[in-house]
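Visitor: The sequence and its predicted three-dimensional model are supplied below.
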Protein chains: 2
Amino acid sequence: MIFAQAEYEARTARAQAEMARQGFDALLLTTEPEVRYFTGFLTRFWESPTRPWFVIVPRQGRPVAVIPSIGAPLMARGWVTDIRTWRAPDLEDDGITLLVATLRELAGRDGQIATPTGHETHMRLPLSDLDRVRNAVTLVSDGGLMRALRLVKSAPEIAKIRAACAIADRAFARVPEIARAAVGLDQVFRRFQMLCLDEGADWVPYLAGAAEAGGYADVISPAGPEPLCPGDLLMLDTGLVREGYFCDFDRNFSVGPPSAAVADAHATLIAATSAGFDAARPGATAADLFHAMDVVCTGGAGGSDAGRLGHGLGMQLTEWPSLIPADQTVLKPGMVLTLEPGVDLGGGRIMVHEENIVITDEGAEWLSTPRGPDIEVLDG
Amino acid sequence: MIFAQAEYEARTARAQAEMARQGFDALLLTTEPEVRYFTGFLTRFWESPTRPWFVIVPRQGRPVAVIPSIGAPLMARGWVTDIRTWRAPDLEDDGITLLVATLRELAGRDGQIATPTGHETHMRLPLSDLDRVRNAVTLVSDGGLMRALRLVKSAPEIAKIRAACAIADRAFARVPEIARAAVGLDQVFRRFQMLCLDEGADWVPYLAGAAEAGGYADVISPAGPEPLCPGDLLMLDTGLVREGYFCDFDRNFSVGPPSAAVADAHATLIAATSAGFDAARPGATAADLFHAMDVVCTGGAGGSDAGRLGHGLGMQLTEWPSLIPADQTVLKPGMVLTLEPGVDLGGGRIMVHEENIVITDEGAEWLSTPRGPDIEVLDG
């Protein structure tokens, strides 16, 4: 396990208190972050879509794992002691009979079994199996229980995110080693991931970016072989992982001296990020942070097609809340957020900037080392 | 798009022929490989769980995309022309009204809308939204349509998988540069991922492995800082990606000279892999390959808790079929498989070996360069 047992005990106790309040007899979890949150089960094996994995939080006592036998040794290294397995894949009954029996044992035949059903969640099992489960037991919405739990990070979690951010900080500082005019963007992507690993990332699940003259068209396309050219605006946005926790921030670079438009846009983005940081404190809402940044970027026009100006961060690259006008989530100490303003450079070109922060008792703290107003210049 | 438009046209035509045969009015897809299969939409942005993405294959004509507006520029670079967007995340209606309207338009109000519901699939949208969709339109099982389509790879797909395997081959050949006694396993993991990138991987979604004296306890745990020691058996198992296609194979190494038990076990695994390869031809079943390997490894005892001795491979690290006794999938030319036998070394220790092959008209071809019977020895 990544954390001491007390961390998992505290998470489980908080969940069980809320389960009691809402009248839930068990909590059923099926996705990687949900399973890991309660058990410490950390593995890249989730990359395989073959096998379903289930964890049940009962009204009291430790979580119960209902998992493929291949995962039992790793699960047993944690604090979960009730580990029930089947030899997956089983084409006829891939754990469903075992799961239903366990749910009925823990929650009773007519118990209310809560599961996350809202925004940013899904059920990671085949639909036909999900229907079998729902025909056998009563699944209900968890009422945002998991969202509320995971929104606020513990001190040990924040330390992990801070460590991931520090690794990315060091990798970004080395970008001049790998990126200059005539180097292909795909090669920059490969070399940047190598820098992240060299600086201590366990793996690099996410790298996006772009390089185009005077601004980029979008921020989610894969890199092509086209070489960097003088005048290109290069952006690299990474979500690297250290001990199961993500950072998620980006840096922009000008290949050769920037145009006045690019230099101004970068300074605007830094000002917007600072405005978001200044607005970030307990009691403010996610929407407040959106507006604080949007007024700097657009004069208050209401954002862009990207849809939001930041989001939560932790065990996943993106988590609740969303920095959008509609998200009235009230910020609390321990929430980790990205600030991600964007500006329109005209002609279908944009620039985005991103930093990571944590809400504290008094305001906020930077987790990434905030970039100054001047865009970094690479050899052109 | 990774492939020429003709590839996507052929995929869509095959789907539509089967849809007509089964009486489906539309096919609804929600996961990364399913969306990419029909549209060519390749992005690492799926790492973010926030936004749902939908593609609908109608009875005739091109697929229709119902996606967050942030993805429209990338989707428009492909062959899909009917791209309907909403500004996600929308906390009230995250694309569901748009999706339902599009489904009704394409399939009719009472149309049969098929979606994958079986083994190795899931629906990637919140359960509450899935229920809204199912209350508005008729979702039915696709009857294994997507499985059947994706099981058989086209020549361009096989070329991509072959390229991924060649990159891993080259990275494995360089392991002596990074792994020897006294180097921490976590550092070996980082350095090996760097080798994969250096040799041409676009990214490295999967790396598992272990290093323990005389065999390892499991194959899915993350790497710890413990240094390699003489006598350790080191295994590295990678699923790297090039242009959206995976390889998935492993290599074992002895730190210093191997014990007789380890040397014998390695030779047995290579013999088992060869037996699997020899059994691999059109008309044989997935179960036949299991038995061909199992008889070498265990004398025919029926495998282990790992559950299978190989699986399909392609756009995902693992795909159908499973090499298990129950899987009667009949092999056809173009199916890409891993052969992954394991042996029990006693005392809770195992060794596994893995290669990648493609079924041809006459038999099979190696995609990874098959390892010989002698285990590779690292400086001890």
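Guide: Yep, it's here.
Visitor: What segments of the stretch 251-380 of chain A are strands?
Guide: In order along the chain, the stretch 251-380 of chain A carries the following strands (DSSP state E, counting those that start in this stretch): A:310-312, A:319-322, A:336-339, A:342-346, A:349-352, A:355-359, A:364-366, A:376-378.
Visitor: name the helices or strands packed onto the second one?
Guide: Put plainly, it is strand A:319-322. For strand A:319-322, the helices and strands in contact under the criterion 3 or more C-beta pairs under 8 Å, 6 or more residues apart in numbering or on different chains; DSSP states H and E are helix A:145-151, strand A:310-312. All C-beta atoms are positioned from the backbone trio N, CA, C, and that covers glycine.
Visitor: Quick one: closest of these to chain B.
Guide: Set against chain B and scored by C-beta to the nearest C-beta, the helices and strands packed on strand A:319-322 come closest in strand A:310-312, at 6.9 Å.
Visitor: so where's the stretch 201-350 of chain A uncertain?
Guide: Across the stretch 201-350 of chain A, the stretches falling below the confidence threshold (pLDDT under 70) are A:303-306.
Visitor: ranges for the helices of it?
Guide: If DSSP state H, counting those that start in this stretch is used as the criterion, the helices of the stretch 201-350 of chain A fall at A:260-279, A:286-298.
Visitor: can you tell which of those is closest to A:Pro176?
Guide: With distances scored as C-beta to C-beta, the stretch of those nearest to A:Pro176 is helix A:260-279 (16.8 Å).
Visitor: And the closest one, what's buried?
Guide: Of the residues in helix A:260-279, those with enough neighbours to count as buried (16 or more other C-beta atoms under 10 Å in any protein chain shown) are A:261-263, A:265-266, A:268-270, A:272-277, A:279.
Visitor: ok so, going back, for A:Asn135, find the nearest of the strands of the stretch 251-380 of chain A.
Guide: When those are ranked by distance to A:Asn135, counting by C-beta to C-beta, first place goes to strand A:319-322 at 30.3 Å.
Visitor: Identify all contacting residues around that closest one.
Guide: A:119-120, A:147, A:150-151, A:286, A:307-308, A:310-313, A:327, A:329, A:335, A:337, B:50, B:89, B:91 (C-beta atoms under 8 Å, 6 or more residues apart in numbering or on different chains).
Visitor: who in the stretch 201-350 of chain A is up against chain B?
Guide: A:201-208, A:217-223, A:239, A:305-308, A:311, A:316-318, A:322, A:324, A:326-327, A:348 (C-beta under 8 Å from any C-beta of the partner chain).
Visitor: Buried ones among the residues you listed?
Guide: A:201-208, A:218-223, A:239, A:305-308, A:311, A:316-318, A:322, A:324, A:327.
Visitor: most tightly surrounded among the helices and strands packed on strand A:319-322?
Guide: strand A:310-312 (a mean of 26; mean count of other C-beta atoms under 10 Å in any protein chain shown).
Visitor: and the end-to-end length of stretch A:317-330?
Guide: Looking at stretch A:317-330, the gap from its leading to its trailing residue is 21 Å under the measure C-alpha to C-alpha, to the nearest Å.
Visitor: now do stretch A:73-83
Guide: From its first residue to its last, stretch A:73-83 covers 10 Å (C-alpha to C-alpha).
Visitor: ditto for stretch A:51-60
Guide: When the end residues of stretch A:51-60 are compared by C-alpha to C-alpha, they are separated by 27 Å.
Visitor: circling back to that earlier point, same list (the helices and strands packed on strand A:319-322) but as a markdown table, adding distance to A:Gly342.
Guide: Written out in a markdown table, the entries for those read as follows (distance: least, C-beta to C-beta, whole Å):
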| stretch | distance to A:Gly342 |
| --- | --- |
| helix A:145-151 | 24 |
| strand A:310-312 | 10 |
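Visitor: Might you report the residue contacts of A:Glu365?
Guide: With contacts defined as C-beta under 8 Å, 6+ apart, the neighbours of A:Glu365 are A:Ile357, A:Val358.
Visitor: Also A:Glu7?
Guide: Shown here is A:Glu7, whose contacts under the criterion C-beta under 8 Å, 6+ apart are A:Ser154, A:Pro156.
Visitor: B:Leu234 is nearest to which of the helices of the stretch 201-350 of chain A?
Guide: In terms of C-beta to C-beta, the element of the helices of the stretch 201-350 of chain A nearest to B:Leu234 is helix A:260-279, at 44.3 Å.
Visitor: quick one, strands of the stretch 1-150 of chain A?
Guide: Using DSSP E, counting those that start in this stretch, the strands assigned to the stretch 1-150 of chain A run over residues A:26-29, A:54-58, A:64-68, A:82-86, A:112-115, A:138-141.
Visitor: what's the most buried one of those?
Guide: With neighbours defined by mean count of other C-beta under 10 Å, none of the strands of the stretch 1-150 of chain A is more surrounded on average than strand A:26-29, at a mean of 26.
Visitor: what are the pairing partners of that strand, and which direction each?
Guide: The strands that strand A:26-29 pairs with in its sheet are strand A:54-58 (antiparallel), strand A:112-115 (parallel) (by DSSP bridges).
Visitor: Check the offset of that strand from the chain's centre.
Guide: Using C-alpha atoms, centre = their mean, to the nearest Å, we find the averaged C-alpha position of strand A:26-29 to lie 21 Å away from the chain's own average C-alpha position.
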